[in-house]
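Participant: I need the structure of the sequence given here:
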Amino acid sequence: MDVSYVVIVAIVTYVLGTFTKLKWDKMPNKYIPIQNLIIALVSTLICYFTKIEPNFMQSFILCLMATMGAGGISDLMSVLKGSE
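Facilitator: Numbers count the residues shown, from 1 in each chain. Below you'll find the predicted structure:
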């Protein structure tokens with residue numbers, strides 16, 4: 001069941017990320033946490049209503065941690081690329 005969260009978050013991130021890239025060429029970095037929150041909310045609803053996780057709050061926290069963690073890793077990778 002734990003892998004299901006990761007798969008759902010990855011798919012929702014891909015879809016919303018593609019939509020964002022199509023609509024806005026350069027989205028300011030200050031809006032990335034808001035985008036991550038929206039991804040977490042959509043992922044939470046999917047996980048909750050498909051009965052992957054019966055507890056809404058636990059589902060929200062897990063999805064939020066996954067999106068914020070992915071955002072942090074992405075930021076770390078861009079910082080490391082910039083320091084080379």
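Participant: okay, CA-based contacts and neighbour counts for the rest of this
Facilitator: Noted.
Participant: quick check: closest non-adjacent residue to Leu62.
Facilitator: Leaving aside its chain neighbours, Leu62 sits nearest to Tyr5 (7.7 Å; criterion: CA to CA, 6 or more residues apart in numbering).
Participant: the one you found: neighbour count?
Facilitator: Using other CA atoms under 10 Å, Tyr5 has 20 other residues around it.
Participant: right, and the helix or strand after the helix or strand hosting it?
Facilitator: In this assignment (DSSP states H and E), Tyr5 forms part of helix 2-23. Using DSSP H and E, the helix or strand that directly follows helix 2-23 along the chain is helix 32-49.
Participant: now the helix or strand just after that next one: mean pLDDT?
Facilitator: Heading C-terminal from helix 32-49, the first helix or strand you meet, by DSSP H and E, is helix 56-82. In this model, helix 56-82 has an average pLDDT of 80.
Participant: just the endpoints, please. Distance across stretch 43-55?
Facilitator: From its first residue to its last, stretch 43-55 covers 14 Å (CA to CA, to the nearest Å).
Participant: show me what it is in contact with.
Facilitator: 1, 4-5, 8-9, 12, 56, 59-60, 63 (CA atoms under 8 Å, 6 or more residues apart in numbering).
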